[in-house]
Every structure is written in structure tokens, then in C-alpha cells.
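*Asks:* below is the sequence, then the predicted model.
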Amino acid sequence: MIGFLLRRLLAMAATLLAVCALTFAVFYLLPSDPAAQFCGKDCSADRIELVRQQLGLADPLAVQFWHYVTAVFAGRSYGTGQYAVQCDFPCFGYSFQSAQPVWDLMTDRLPTSVSLALGAAVLWLLLGVGAGVLSALRRGTWLDRTLMIGTIGIAALPVYFTAMILLYLVVSVAGLLPYPRYIAFGEDPVGWTTNLILPWIALALLNAAIYARMTRNSVIETMAEPYVRTARAKGLRERRVVGRHGLRPALTPVATMLGMDLGGLLAGALITESLFSLPGIGKLFADSLNKADQPVIMGITLLASFFIISSNLVVDLVYAWIDPRARLS
Amino acid sequence: MTSHPLLDVHDLAVEFTTEEGTVRAVKGVDFTVERGRTLGIVGESGSGKSVTSLAVMGLHRGATVTGSAKLDGTELVGAPDDDLRKLRGRRMAMVFQDALTALHPYFTVGDQIAEAYRAHFGGTRRAALARAVDVLGDVGIPEPARRADEHPHQFSGGMRQRAMIALALSCEPDLVIADEPTTALDVTVQAQVLELLMRLQQERGLGIVMITHDLGVIARVADDVLVMYGGSAAEQAPADTLFTTPRHPYTRGLLDSLPRLDAEDGAELRSIPGSPPSLLAPPAGCAFHPRCAVYAAKPDARCTGERPLLRTVADGHRSACVHDEVTA
């Protein structure tokens, strides 16, 4: 088990390095020039060239990449003399536009994105899995049909549409909730909740619909498995047949999907954060794209890969824990 | 103690409603199973043999069951589900075909047996697990205490089927319905599993319903045989009689398609032409007539008119063919 974990962690590091190299190469090829950004607007060509030398941007790609990777572990400084900027460990690049290390920019925004993602995940799990299980067990009834038609409708609504409607109806018309802004959970748990409810709903609705449909299919499929019939043939109560023998295997693929989705969301929900002006990673990413702030874009790309790869690892571990067939002997 | 047969099935019929129409999967069968005896039910897929057994167990989900099935005098058809649940696993148990899919992949074998035991007798988990280890030993699984802790996928095919049998026997039922219990196994393992079932039957006086498409299995274990075709009984007889003097052309076709050691050199195996009838739109008259050698040789209006009923052709021997006198 420990060997398995070590191998997986090693593979994870290798994947991250590959992602890093790939993004690095892509940005190297882009026309945008960090030296010009560092130097400012009224900068002569000579001066830009000087800055380029000082920042190491004139070095070969491999050397620059080496500096980038080592900075992650050892930190680095950009430039020399009075213009030098220090980027401490862990240095994921420096945003010359914001005059801040990328790491600081990201860690500032991370709590918002994590709050948004986790809250929404809880919501869509409750709604989606609940509706899916109910639908499957009452298959063919009006309840099943209503729920499934409802999920098609919801799945057809884009996030920006639901977000606008929610903002208009709940905030502008009814005035039930404040216009969302981020309040740290530690400062004011109630404010944290009331401000995040709308973003949670907007983000969760689509997933709830998808999860409901997937859960329904999975439960229907599992309840038709021979081992469920065996559970009934043993004389178990129906509640136990469903709960222990049916739902556990039926929800395994749901757990897998949750891992993937959550992994992607932790590094920011771009649309939702932008719509509600929440200062999360997704918003930072959108802003950085607009400003062509390459170091930040690259940092977030790496952060997202990290979350996705680690959630995959967690999913695999959970899977092995639930399903003994997936355990390595 | 009692004059009831262990299992007394009378005019049992099962219907499914599907989108394409009503499927009459079983059209009224009668049979009895006595303690210590084995009834073999033979038929092709779709003959209604498995559906019959599921209906007896009350596991026919979504189907309509009519007629009567009495377990030791207790009516099972239409009984409240909670009453049936208390009988399932306890008085009547089932051995399914493929133990790899019939046992739960997530739970240990011991846990699954213990769960059945506790459902009927309660008690502690530890006591139920000890009981599970005992039954695993009874069915000839070596090192039962260690194997009880393993999951089904860690068992070999034969051991898994033994575990399935142990599960069925854990609550000491009176009736065991085995639905193709050896079909998924190698021939040598098949023989071991059948011997095990027969040994357990002798030790415990079990009534067994052996459902199979394999006449070889029937020849080995059955005392009485019910041959099913298209949802009805084609022929019913004691096993010896059925093998020596089959009356129904379908039974004869089945026997002719068996490889025999005493066959003459160069004798060909004969298969029954055609395929089993559609249950949605069964042929008029005798369901077997489109494939019947007797009908092909001498078409007869009686074969296409009404469905022939089972008639007694000899003591304890019934056949549903208008030509039974010809073949006697």
C-alpha cells in the first residue's frame, strides 16, 4: 500500500513537471513580452532589451525552465540592483503587472474558490444524489418523471443564465440576500453562508441535474444485479437490500465523478466567480487572461493540474477502500 | 409429522407486461417436491424454468403470479412480502448460477453468510460469523476461517459455488432451489458440486429443485423430471422413465442431441431444428410443432389447433403431446 502510494506520488510529480514544461513552452512561443510589461509603457527598445537580459528572458528556453522549476523550491530574485524583486519559496513566478509573487496572488484567492467549490459540492450532492436515488427506486412513477424532466430543464440552463436570474430575482427584486461578496468563514460564518448561497446554487444546479441522472441510472443498473437478487433471496429487509447491497456499489461511480469535478473546481469556477465578482482563483484567471499576465496564468494552470491530479489520486484511494476488487494485493 | 408435500405447486402462471405486450412466461405448471428428493426442471432459455423458481421464491419483480405454490402447506402466491421474506433464506433458499455475480463483490464471503444467518436468527455478529465458518467447512472449503475473511473474487469458480451453497444452507432450509448451479463451472468441478449437493441432501433431507438445461445433470441428480417448453410442461416423469421411454417429441429431441458413450461409431448428434418460440407471439396450438419431427413427418390439425394439455400416459408419467400414443 505504501509502495503504491509512493509510486502514485512519483507519477504525480512527473505529470506536474510535464504540465509545467508544456505550459512553459506555450508561453515562450506567445508574442506577449514580459520584459516590456516589467519596464512599463514609455520604454525604449534598448531599455527593454536590458530588462530582458536582467530577467534572464534572453536565456535559452531550457535554462529559463530550469530557473522556473528551481525557484519553486528555492525562490529566486528577478533583475538586479535597485529594480530587483524578490520571490520567496515557493516561487511560482512573479506578476510584474501586479508587482506580487504569483503564489501570494493565488493563496489570497484560494479560500474564496475553496468555499465556493465545497459548498456547491455539498449542495449538488444532496440534491442530485437524493433525487437520483428517489427517482430510481420509484422508477416509472410520476415522481420519477417529474424529477427527470426537471433535470433535463435544469441541465439546459447555462450557469451565467441561472446566475443572472438568481441575482435579479433574489437580490434586486425580493431583496432577500445581499449582493454576494466574499466574507471569510473565520470572520463571520453566517455572513460567509448568506453571501455564498446564490453562487453555490448557481454552480450546483447544473451538477445536481447531471448527478441526479447519473445516480438514477447507476442505481437502476445496480438494483438489477444478481447480487441484489441474492440479498433478497437471503430474506433481508428491503431497506437493507437497497441501502447496503444496492446503494453502495451504485454510488461508487458518483464518488469517482465527484472527485474529478471537485478537483477541477477547487482551482476556481471561472464563470461563477466572474458573474458574482467573487475574488477567487477563477476570477483571477479571467482577469489575468485579459491582461495577458503570463506568470499568473501559468501558476493557475499548474495549481489546477495539481488539484485535478491529487483528486484523481484520492478517488483511486477511496475506490480501493470501497471496492475490494480494486485493491492491489 | 405432516402429510403435505414439501413444495406443492399447482397451476402456477407468471405474466410480465412489457412495452411490446404481455409475456406469458409460465402458463400453468404443476409439480411437487418431497423432502429428500430432487425435482429436475429442464428446458431451453425462455422455457420458463427460472421464472418458475423465482415466482416460488417471491423474487419475480414486476411480474404477475397466479395459481398456487405451497411450502409445507403455507401458500406463497400472494402472501404478504414480509411473510415471504421470513421464509426466504430460512425455509427455502436459492443457489444461483454464477456465484461471481450472485455474491456481493464488496463484502467478505463470511460476512455475506453471517448476514443471512442474523437476518433470521439474530444474535451477535461474532456468533453469526462463527456459524458462517462452520457452513463453509461443511461444504468442503479448506481453511474456512481464513477463507471467510476473503472476498468472492479471491475464490476459484468451484470454491465460489461452494460458498454460494454454504450461503443457501446457512439457515438450514428445507427446500433448495438451484438454478443452473454448475453451468459456469468446469466439468470436473461440476461433478464435485453436484456430489456435494447430493451429500448435503442425504444428510439433511433437503428437497431440491434443480433447474438446468443439461440433461447430464438431470441424469445424475434428479428423482423426477419436469421438461418445460415455451412456458408450459411438455413432459413430467420419474427420471428413469423419462430417459428410457420419453413420450414427448421434444424430450426425445433433447435426448437425441446428447452425446452418448454407447453410440455406434459415426452416429451423428442430432440437434432440434429451429429456435425456442417467442413468448410474445407463441405459435398457435402446440408451442413445439414448428420444430417437431413428428409434425414435420405427418402434419396434424390437432397440433396447430389447441394447446395440448398434459395427459397421464403411464403411472406417474404425463406428456403434453397429441401423439403420445404413437410414441408409446
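*Replies:* Happy to help now that I have it.
*Asks:* what's around residue 155, how many residues?
*Replies:* In the absence of a named chain, this looks at chain A. For A:Ala155, the neighbour count with other C-beta atoms under 10 Å in any protein chain shown is 15. Glycine gets a C-beta too; all of them are placed from N, C-alpha and C.
*Asks:* that's the wrong chain, I wanted chain B
*Replies:* Neighbour number of B:Phe155 under other C-beta under 10 Å is 20.
*Asks:* and if you look at A:Thr107?
*Replies:* Neighbours of A:Thr107 using other C-beta under 10 Å come to 13.
*Asks:* B:Pro282 versus that one, what's the distance?
*Replies:* 73 Å (C-beta to C-beta, to the nearest Å).
*Asks:* just B:Gly58 next, same as before
*Replies:* From B:Gly58 to B:Pro282 the distance is 26 Å (C-beta to C-beta).
*Asks:* neighbour count for those two, which is higher?
*Replies:* Higher neighbour count among B:Gly58 and B:Pro282: B:Gly58, with 23 against 17, using other C-beta under 10 Å.
*Asks:* so who does the nearest residue to the more buried one once chain neighbours are set aside touch?
*Replies:* Leaving aside its chain neighbours, B:Gly58 sits nearest to B:Leu84 (3.9 Å; criterion: C-beta to C-beta, 6 or more residues apart in numbering or on different chains). By C-beta atoms under 8 Å, 6 or more residues apart in numbering or on different chains, B:Leu84 lies in contact with B:Met57, B:Gly58, B:Leu76.
*Asks:* the last one and B:Val56 touch, don't they?
*Replies:* Yes - using C-beta atoms under 8 Å, B:Leu76 makes contact with B:Val56 at a distance of 6.3 Å.
*Asks:* for those two, list the residues in contact with both.
*Replies:* Shared contacts of B:Leu76 and B:Val56, defined by C-beta under 8 Å, 6+ apart, are found at B:Ala69.
*Asks:* how about the secondary structure of the residue in the stretch 151-300 of chain A that chain B sits nearest to?
*Replies:* Nearest residue of the stretch 151-300 of chain A to chain B: A:Gly235, at 3.4 Å (C-beta to the nearest C-beta). Of the three states, A:Gly235 takes coil under DSSP: H, G, I helix; E, B strand; the rest coil.
*Asks:* what residues does chain A put near chain B?
*Replies:* A:225-227, A:229-238, A:240, A:245, A:248-249, A:322-325 (C-beta under 8 Å from any C-beta of the partner chain).
*Asks:* OK, contacts around B:Asp111?
*Replies:* Counting by C-beta under 8 Å, 6+ apart, B:Asp111 touches B:Leu129, B:Ala132.
*Asks:* helix/strand/coil for B:Ala69?
*Replies:* Assignment for B:Ala69 (three-state DSSP): strand.
*Asks:* chain B against chain A: which residues are in contact?
*Replies:* Residues of chain B lying near chain A (C-beta under 8 Å from any C-beta): B:57, B:59, B:81, B:85-90, B:93-94, B:96, B:98, B:101-106, B:115-116, B:119-120, B:151, B:153, B:167, B:171.
*Asks:* quick one: which helix or strand includes B:Met228?
*Replies:* Per DSSP states H and E, B:Met228 falls inside strand B:224-229.
*Asks:* quick one: strands adjacent to that strand?
*Replies:* Sheet pairing of strand B:224-229 (DSSP bridges) gives strand B:38-42 (parallel), strand B:232-238 (antiparallel).
*Asks:* I'd like these as TSV, with mean pLDDT and mean neighbour count appended.
*Replies:* TSV is the format used below for the strands paired with strand B:224-229 (pLDDT from 0 to 100; neighbours: other C-beta atoms under 10 Å in any protein chain shown):
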stretch	mean pLDDT	mean neighbour count
strand B:38-42	96	26
strand B:232-238	94	25
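*Asks:* returning to that earlier point: please narrow the residues of chain B next to chain A to those residing in helices.
*Replies:* Taking DSSP state H, the ones among the residues of chain B next to chain A that sit in helices are B:Met57, B:Asp81, B:Arg85, B:Lys86, B:Leu87, B:Thr101, B:Ala102, B:Glu115, B:Ala116, B:Ala119, B:His120, B:Leu167.
*Asks:* buried ones from those, can you make that a ChimeraX selection?
*Replies:* Typed into ChimeraX, the line below selects the buried ones among these, using 16 or more other C-beta atoms under 10 Å in any protein chain shown:
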select /B:57,85,87,101,102,115,116,119,120,167
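*Asks:* quick check: the two most widely separated of the ones in helices among the residues of chain B next to chain A?
*Replies:* With distances taken as C-beta to C-beta, the most widely separated pair in those is B:Lys86 and B:Thr101, at 25.9 Å.
*Asks:* can you pull out the low-pLDDT segments for the stretch 51-200 of chain A?
*Replies:* Residues of the stretch 51-200 of chain A meeting the criterion pLDDT under 70: A:80-83.
*Asks:* let me see the ranges of the helices in it.
*Replies:* If DSSP state H, counting those that start in this stretch is used as the criterion, the helices of the stretch 51-200 of chain A fall at A:61-74, A:102-137, A:142-155, A:159-166, A:189-223.
*Asks:* phi first, then psi, for the residue in the stretch 201-328 of chain B that chain A sits nearest to.
*Replies:* Ranked by C-beta to the nearest C-beta, the top residue of the stretch 201-328 of chain B for proximity to chain A is B:Val209, at 13.4 Å. Here is the backbone geometry of B:Val209 (degrees, to the nearest 10): phi -110, psi 120.
*Asks:* Three-state assignment for the closest residue to it other than its chain neighbours, please.
*Replies:* Computed as C-beta to C-beta, 6+ apart, the closest residue to B:Val209 that is not its neighbour in sequence is B:Ile177, at 4.5 Å. Under three-state DSSP, the three-state class of B:Ile177 is strand.
*Asks:* look at B:Ile177 and report its pLDDT.
*Replies:* According to the prediction, B:Ile177 has pLDDT 96.
*Asks:* quick one: residues contacting the residue in the stretch 151-300 of chain B that chain A sits nearest to.
*Replies:* In the stretch 151-300 of chain B, the residue that lies nearest chain A is B:His151 (4.5 Å; C-beta to the nearest C-beta). The contact partners of B:His151, taken as C-beta under 8 Å, 6+ apart, are A:Pro324, A:Arg325, B:Pro105, B:Tyr106, B:Phe107, B:Thr108, B:Val109.
*Asks:* ok, now with 7 Å
*Replies:* A:Pro324, B:Pro105, B:Thr108 (C-beta atoms under 7 Å, 6 or more residues apart in numbering or on different chains).
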